[in-house]
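# Sequence and predicted structure are below.
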Amino acid sequence: MKIDTNGKITIPPDIQNKLGLQPGTEVQLEVVGDTLQIRKPQGSSRGTKLIAAIRGKATNRLTTNEIMQLTREDR
């Protein structure tokens, strides 16, 4: 694996699948000695983000279409 000229690396698809890393997944980088660790922050799942995004927005004024749009927005 090589670092490109922009400082980026590509995580192989089999590792992405094993760890559930989807496009847009936020990760944390940590240097431990001479090792670089990549971690998914706890609570960073799509469902957790969706719940946080719609929390407190429940009213009787939202239509079904508006609720569905909130669940489809990429956060």
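Sure, I can see it.
# Okay, buried residues for stretch 32-46 please.
Of all the residues in stretch 32-46, not one is buried under the rule 16 or more other Cβ atoms under 10 Å. (C-beta placed from N, C-alpha, C; glycine too.)
# what are the C-alpha coordinates of that stretch, in CSV please?
Written as CSV, here are the backbone C-alpha positions of stretch 32-46 (Å, rounded to 0.1, in the frame of the first residue of the first chain):
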residue,chain,number,x,y,z
VAL,A,32,1.1,4.8,19.0
GLY,A,33,4.9,4.5,18.9
ASP,A,34,5.6,3.9,15.2
THR,A,35,2.1,2.6,14.4
LEU,A,36,-0.8,4.4,12.9
GLN,A,37,-4.2,3.2,14.3
ILE,A,38,-7.4,3.9,12.5
ARG,A,39,-10.6,3.7,14.6
LYS,A,40,-14.3,4.2,14.1
PRO,A,41,-15.5,6.4,16.9
GLN,A,42,-18.1,4.8,19.2
GLY,A,43,-21.7,5.8,18.3
SER,A,44,-20.7,6.8,14.8
SER,A,45,-23.2,4.5,13.1
ARG,A,46,-25.7,5.8,10.5
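# residues making contact with that stretch?
11, 19-22, 25-31, 75 (Cβ atoms under 8 Å, 6 or more residues apart in numbering).
# Regarding Leu21, what are the backbone dihedral angles?
Leu21 adopts backbone torsions of phi -90, psi 110, taken as degrees, to the nearest 10.
# How about Val32?
Backbone torsions of Val32, given as degrees, to the nearest 10, read phi -120, psi 110.
# Pull up the per-residue confidence for it.
For Val32, the pLDDT comes out at 95.
# In terms of pLDDT, where does the spatially most central residue of the chain sit?
Geometric centre of the chain, nearest residue: Thr25, 2.7 Å, by Cα atoms, centre = their mean. pLDDT for Thr25: 83.
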